[in-house]
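Peer 1: Got a predicted structure here, sequence first:
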Amino acid sequence: ADAALTVRVRDEAALAAQGFGGLIAVGAGSARPPRLIELAYEPEGAADARHIVLVGKGITFDSGGLSLKSNEGMKTMKTDMAGGAVVIAVMSALRGLGVPVKVTGLVAAAENMPSGSAMRPGDVIRHYGGTTSEVLNTDAEGRLVLADALAYADAELDPAAVVDIATLTGAAKVALGLRHAALYSTDETLAGDLLEASEGSGESLWRMPLVDEYRPAIDSHVADVANIGRGGFSAGSIIAGLFLREFAGDRPWAHLDVAGPARATADNAEITKGATGYGVRLLLRWLTSAN
């Protein structure tokens, strides 16, 4: 109540009934069913305020599913919900900071586990809104739940801009290390505003390209898109961004791949070992300056 938020949580029955196929598929192997958490903040005079949607990847544990990770690769996967945690943290601070815009936070939450009911490589998923994706690797699951949330935001919430945040790809960590997140965006103004907020918040971003020549990497013979690239394109973080772009619609959209800075292996200046909360300061600085 102190945060002045309204909350709606869709359970697995509501998700299935409303066509959130990505969330249902990713959570199908777990004894803990998936959820879509929707948080809404409306300041005074919200009728005239811009509407921003934040989307967070909330994979509560990522085993890789049937495309199983190594034991070593699983050890940090309890923090694969970092993007979702950031969205909740940001939403909880909006009232106290007097943020002047209307904000909706979407957390796409699921546990990616292997079992007899888990999604399989080769499955075809129908996402919210009807776009289909072919699952070539069940360990590329974050983009499948984000796709549902992005499509829902575009179709139902009519935002002025959408920003998603996710520990999405090891490729971003390889490219940029542990202190920079990768920024992808379809809108120059939005990208510039986020980069400016990054400089002021101390949470570093680096703009990465959405290379249209790589788009054929996610072509599929049985679905609208494939969930990983093929054909020797590499560029795993870019390919993931191109996949998400398919669901974001034509409105301004940005994607923050925070696989590197969301976790720290040791104490370093203001960063403590473990989960870092990267993105909270950045997004709050951006939202407090929005109008």
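Peer 2: Done, it's in. Predicted, not measured: the structure shown is a model, and the values here were computed from it.
Peer 1: ok, Ile125 touching Met119?
Peer 2: Yes - between Ile125 and Met119 a contact is recorded at 7.4 Å, counting by Cβ atoms under 8 Å. From N, CA and C alone the C-beta is placed, and that goes for glycine too.
Peer 1: What are the boundaries of the helices in the stretch 1-150 of the chain?
Peer 2: Using DSSP state H, counting those that start in this stretch, the helices found in the stretch 1-150 of the chain span residues 12-18, 21-27, 71-74, 82-97, 142-152.
Peer 1: same question, the stretch 151-291 of the chain
Peer 2: Counting by DSSP H, counting those that start in this stretch, the helices of the stretch 151-291 of the chain are 170-176, 188-201, 236-245, 280-288.
Peer 1: okay, those helices, which one's buried deepest?
Peer 2: Among the helices of the stretch 151-291 of the chain, ranked by average contacts under mean count of other Cβ atoms under 10 Å, first place goes to helix 236-245 (a mean of 24).
Peer 1: List the contacts of that one.
Peer 2: Around helix 236-245, the neighbours that count as contacts under Cβ atoms under 8 Å, 6 or more residues apart in numbering are 133, 140, 143, 146-147, 150, 164, 168-172, 175, 182, 184, 186, 208-211, 214-215, 217-218, 225, 227-229, 233, 253, 255, 257.
Peer 1: and the angle for that helix with helix 142-152?
Peer 2: If you take axes from the mean of the first three to the mean of the last three Cα atoms, to 10 degrees, helix 236-245 sits at 30 degrees to helix 142-152.
Peer 1: What's the mean pLDDT across helix 236-245?
Peer 2: The average pLDDT for helix 236-245 rounds to 98.
Peer 1: any idea how far the residue lying farthest from the centre of the chain lies from Leu5?
Peer 2: The C-alpha centroid of the chain is most remote from Gly45, which lies 28.8 Å away (Cα atoms, centre = their mean). Per Cβ to Cβ, to the nearest Å, Gly45 is found 17 Å from Leu5.
Peer 1: tell me the contacts of the residue nearest to Ser201 when sequence neighbours are not counted?
Peer 2: Of all residues not flanking Ser201 in the chain, Arg281 sits nearest, at 4.0 Å (Cβ to Cβ, 6 or more residues apart in numbering). Going by Cβ under 8 Å, 6+ apart, Arg281 touches 201-203.
Peer 1: Of these, which is the nearest to Pro33?
Peer 2: Glu203 (32.8 Å; Cβ to Cβ).
Peer 1: thought that closest one was touching Trp286?
Peer 2: No - between Glu203 and Trp286 no contact is recorded; they are 10.6 Å apart, counting by Cβ under 8 Å.
Peer 1: okay, Ala49: pLDDT?
Peer 2: Predicted confidence (pLDDT) for Ala49: 76.
Peer 1: quick one: contacts for it?
Peer 2: Ala49 makes contact with 42-43, 100-102, according to Cβ under 8 Å, 6+ apart.
Peer 1: Could you check how far it is from Pro43?
Peer 2: According to Cβ to Cβ, Ala49 stands 6 Å off from Pro43.
Peer 1: which residues are common contacts for these two?
Peer 2: 100-102.
Peer 1: Could you dump the residues you listed into a markdown table and include distance to Val86 and pLDDT?
Peer 2: Below are those laid out as a markdown table (distance: Cβ to Cβ, whole Å; pLDDT from 0 to 100):
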| residue | distance to Val86 | pLDDT |
| --- | --- | --- |
| Pro100 | 20 | 92 |
| Val101 | 17 | 94 |
| Lys102 | 19 | 96 |
